[in-house]
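Peer 1: Take a look and give me a structure for this.
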Amino acid sequence: MLTAAYNQAGSNVAGATSDDTVISSRHLTAVAANNPAHTHISWVYRDDDGPNTRVEILKNGLVIHRQTGVQASSYLDTTTTNNGNYQLRINGHPAGEAQRLNNGYLEIPLNKPADRNAQNDEPYSYTINDASVGDLNGDGSYEIIIKWYPTIAKDNAFAGYTGNTLLDAYTLNGEQLWRIDLGPNIRSGAHYTQFMVYDLNSDGKDELVVKTADGTIDGAGKVIGNPNADWLTKGGELAQNDRTGSRILADGTRLAGLTGRVLSGPEYLTAFNGLTGEEISTVEYIPQRGKESHSPTKEAMKALWGDGYANRSDRFLAAVGHFDSQRTSVIFSRGYYAKSVIAAWDLIDNTLTPRWVFDTDAQPPGYAGQGNHQMSVADVDGDGLDEVVFGSMAIDHDGSPLWTAQLGHGDALHVADLDPAHPGIERFGVQEDMSASGHLGSTMLDAATGQILWSTPAEKDTGRGVCIDIDPNYPGSECWASNSNTLYSAQGKVIAQARPKSVNFAIYWDGDELREILDDTRITKWDWNAKTETSLLTAVGSLSNNGTKATPVLQADILGDWREELILRREDNQALRIYLTPFTTQIARPSLMTDRTYRLAIAWQNSAYNQPPHLLAGKP
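Peer 2: Residues are numbered from 1 along each chain as shown. Presented below is the predicted three-dimensional model:
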C-alpha cells in the first residue's frame, strides 16, 4: 500500500524552465532493514522543509518518532512488531501511509501480453524491457511506462522478423492505464524504439513521444497511418563490408540479409496523451531515411548513411532538454557511425513542431561519425540552458555546433561535474575506433569545449567505462574502463592497479555521499582500503535486461528519501520489483529528481545502450 497527500511544486533548480514539475508527494516507504527485525522508514524531503518543519512517524496509530527542522528523511524502527501500518504526519497533517515491505521490494503485477506469431509464423513471447517514469495523471505520483520486448527482437546487424514492440503504462498499485502497439512496421531491437516521457506542454501531466509507423495502435485503439501497410522486406541479400550479421561466401564476400528489414515507407513521430495513451500529434520523422524520399534506393541509402540495409541508418537515439526558458523539448536522432541528424521538437498547441535540426552534412568537418550508442543532456557551458553531448561532439542549445573532439564512436558516456578541481562540467567516455581516436581508449573532456583533459591508451575497442565517486580519499569521481584493471582519479592519476569488477551502472544505496556499484541484479560497495567489493544486495528471483549489458529496467529516485530505487523484472516477466534501500542515511536533501540533469537522465536512460544517471554536481 502506497498512499500519500500530493502537492505539485515547480522546480527551483537553477536554469529550470517553468514547465518543470517536481513530484513532491512524500512517498512514505517502510522496508525491512539490514537487520530484518528492524524497519527502515523513509519519505521525501522537500525543498520547502525548514527549521520549523515537524515530522511524526506513527505505527498502528501511535507516534514512534518525532523530529523537527532540517534532518534526514530516514528513520530506523527497532521495535520487533513487523506487521504494522506506518503513517506520516507533517506539521500535524497526514502525509502518507505505508505497509512494511518484508522482502525489500514493492512488487507491481503486470498484464503480460499473450504470445504471438511473427509474419513468417515464428512464435514469440514477451519479456519486460526498459522503463521510464512520469506523472501521467497529475496526481503528484509517478507512474511507470514499460517496453515489452519480443523474444525474437534483433540487433540492426541481423535480418529477420522481430515481432511488435508494445508500451504499457501502470500506476504503482499495478493499475494498467493503457497499451500502445507500435505495429509491424517498427522493428524490435535495442536501437529502434527510444521513448521519451516528460511534461512537454506544462499541464502538470507527462506525455509520451516515440517513433511510430503505419499500423501503430494508440492506447484508445486508433490506428496511425495505413492499417494495412506492410513495409517489411520479404527477402534478398546485399553485399556489405560489415562482419557482424553477415553471411560469408567462399570467396570472402559478405552478404547482409534483407528479410524483415524496413527499408521503405513513411516514418512518423507521435506524441501520446500520458493518461489515456491516445495520439495527440503525429508528424513525419526527421530525418527521413532518404535524402528526398522515405523509400530511397539501396545505393542512395548507402551513399547517405554508410550502408544500404539500414544497419547504420536505423540507429535511433532520444532525449529531453531545456533549450529556452519557456518550453521543454524532445530530441530524436538518426545515425552515429557516419552521418548523424539530431532534431529537437516542441509540443505547441498539441502539435509537434520542429525547433531545430542539426545535420552533420551541413556542419564543418569533424562532426560526422562522432555519435555514441547514447546521448547525454546537461548545461555544459553554464548559460542556464541545456546542450546535447552526442558522443564525441556537442550541440549548443540553439542547434548550432559547439565542439567536436573527433574521437569517433563509443559505447559509454558520463557527463557531470566529475572533477571538482577543474572548472565546469566534464565528459568521460570510451572509444571504439582506434583509428579515429588515435589509440585512446578512454578520455576525460572539458564538456564546454571538448578539450581532452586526460586520456588512457588502448590497442582495441574499449567497450565500457564508468566514472563515479567510490573513494573518499580522492576529490571527485574515480574512473575505470574495460580495457585495463587500473583505477584512475578524476584528474587521471593512477590510484591502484585494482578496480571494481563490473563496468556498468552505479547507484546511491547505502546512505553516504559515495556511489555504489550496480551490475546485473547485484549491488556492491567498493572497499577503498582493501581494494575489494562488499555485497549489499543480490536480488534473488529477479532479472536484469539487455543480455550481457545486464542493465536494470530502470534506476531512479522515485520513492522515499533521496536514495535511488532499483527496478528489475521478476523471473517470469509477470511483475516488476522495485527494490528500496534497507540502510538509513544522515544526509538531508530533496529528491534527486529535483536536479535537472538527473531528471533528464531518467528520461533518456532507456535510449539504446542504457547509462546510469548523474547529478550535475557529481554528488548529493
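Peer 1: CA atoms only for the helix or strand harbouring residue 569, dumped as PDB, please.
Peer 2: Using DSSP states H and E, residue 569 sits within strand 565-570. Presented in PDB, the C-alpha positions along strand 565-570 are these (Å, rounded to 0.1, in the frame of the first residue of the first chain):
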ATOM      1  CA  GLU A 565      15.300   2.600  -6.300                       C
ATOM      2  CA  LEU A 566      16.400  -0.400  -8.400                       C
ATOM      3  CA  ILE A 567      13.700  -1.700 -10.700                       C
ATOM      4  CA  LEU A 568      14.100  -5.200 -12.000                       C
ATOM      5  CA  ARG A 569      11.800  -7.700 -13.600                       C
ATOM      6  CA  ARG A 570      10.500 -10.800 -11.900                       C
END
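Peer 1: for stretch 322-341, what is the average pLDDT?
Peer 2: Stretch 322-341 comes out with an average pLDDT of 98.
Peer 1: Flag every buried residue along that stretch.
Peer 2: Of all the residues in stretch 322-341, those buried under the rule 16 or more other Cβ atoms under 10 Å are 322-323, 327-341. Backbone N, C-alpha and C define where each C-beta goes, glycine included.
Peer 1: for it, how far is the first residue from the last?
Peer 2: End-to-end distance for stretch 322-341, by Cα to Cα, to the nearest Å: 19 Å.
Peer 1: Now do that stretch: distance to the chain's middle.
Peer 2: Put simply, stretch 322-341 sits 15 Å off its chain's centre (Cα atoms, centre = their mean, to the nearest Å).
Peer 1: do stretch 181-188 as well
Peer 2: Worked out by Cα atoms, centre = their mean, stretch 181-188 lies 21 Å from the chain centre.
Peer 1: Figure out the length between the terminal residues of that stretch.
Peer 2: 12 Å.
Peer 1: Can you give the contact residues for that stretch?
Peer 2: Residues outside stretch 181-188 that contact it (Cβ atoms under 8 Å, 6 or more residues apart in numbering): 119, 149-150, 152-154, 162-167, 192-193, 210-217, 224, 229-232, 260-262, 265, 314.
Peer 1: can you tell me which of those are in helices?
Peer 2: Per DSSP state H, helices hold no members of those.
Peer 1: contacting residues around residue 323?
Peer 2: Contacts of residue 323 (Cβ under 8 Å, 6+ apart): 329, 344, 355-356, 385-386, 397-398.
Peer 1: in the stretch 301-450 of the chain, which spans are strands?
Peer 2: Taking DSSP state E, counting those that start in this stretch, the strands of the stretch 301-450 of the chain run over residues 316-321, 329-334, 341-348, 351-359, 376-378, 387-390, 393-395, 401-404, 413-416, 426-430, 440-446.
Peer 1: Can I get the fourth one in CSV, CA atoms only?
Peer 2: To tie it back to what came earlier, the one meant is strand 351-359. Output of strand 351-359 as CSV, limited to C-alpha atoms (Å, rounded to 0.1, in the frame of the first residue of the first chain):
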residue,chain,number,x,y,z
THR,A,351,1.3,19.8,-32.4
LEU,A,352,4.8,18.5,-32.6
THR,A,353,6.8,21.4,-34.0
PRO,A,354,10.5,21.3,-35.1
ARG,A,355,12.7,23.6,-33.0
TRP,A,356,16.0,22.9,-34.8
VAL,A,357,17.7,20.2,-36.9
PHE,A,358,21.4,19.5,-36.7
ASP,A,359,22.7,17.6,-39.7
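Peer 1: Going forward, count from 24.
Peer 2: All right, first residue 24 from here; so that's strand 374-382.
Peer 1: Would you mark the buried spots in that strand?
Peer 2: So, applying 16+ other Cβ under 10 Å, buried residues of strand 374-382: 375, 378-379, 381-382.
Peer 1: before we move on, what about stretch 60-75?
Peer 2: 61-70, 72.
Peer 1: Out of these, which comes closest to residue 315?
Peer 2: residue 70 (50.7 Å; Cβ to Cβ).
Peer 1: Quick check: closest non-adjacent residue to the closest one.
Peer 2: When the adjacent residues along the chain are set aside, residue 70 lies closest to residue 613, with 5.3 Å between them (Cβ to Cβ, 6 or more residues apart in numbering).
Peer 1: element containing the one you found, please.
Peer 2: Counting by DSSP H and E, residue 613 is part of no helix or strand.
Peer 1: quick one: pLDDT of it?
Peer 2: pLDDT, read off for residue 613, is 95.
Peer 1: quick one, phi/psi of it?
Peer 2: Main-chain dihedrals, residue 613, degrees, to the nearest 10: phi -70, psi 170.
Peer 1: which ones are touching it?
Peer 2: 67-70, 585.
Peer 1: Show me which parts of stretch 483-497 are buried, residue by residue.
Peer 2: Buried-residue list, stretch 483-497, by 16+ other Cβ under 10 Å: 484-494, 497.
Peer 1: now it: mean pLDDT?
Peer 2: Throughout stretch 483-497, pLDDT has a mean value of 98.
Peer 1: same check, this time on stretch 147-157
Peer 2: On average, stretch 147-157 scores 99.
Peer 1: what about it, distance to the chain center?
Peer 2: Between the centre of stretch 147-157 and the centre of its chain there are 13 Å (Cα atoms, centre = their mean).
Peer 1: What of stretch 624-640?
Peer 2: 4 Å.
Peer 1: Check stretch 440-447 too.
Peer 2: With Cα atoms, centre = their mean, you get 24 Å for stretch 440-447.
Peer 1: Pull the residues that contact that stretch.
Peer 2: 403-405, 448-449, 451, 467, 469-471, 476, 490, 498-500, 502, 513-514, 639-641.
Peer 1: just the buried members of those residues?
Peer 2: Buried by 16+ other Cβ under 10 Å: 403-404, 448-449, 451, 467, 469-471, 476, 490, 499-500, 502, 513, 639, 641, out of these.
Peer 1: Could you export the buried residues of strand 374-382 as CSV, including distance to residue 534?
Peer 2: Below are the buried residues of strand 374-382 laid out as CSV (distance: Cβ to Cβ, whole Å):
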residue, distance to residue 534
375, 43
378, 41
379, 43
381, 42
382, 47
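Peer 1: Neighbours of residue 441, how many?
Peer 2: Other residues lying near residue 441 total 24 when counted by other Cβ atoms under 10 Å.
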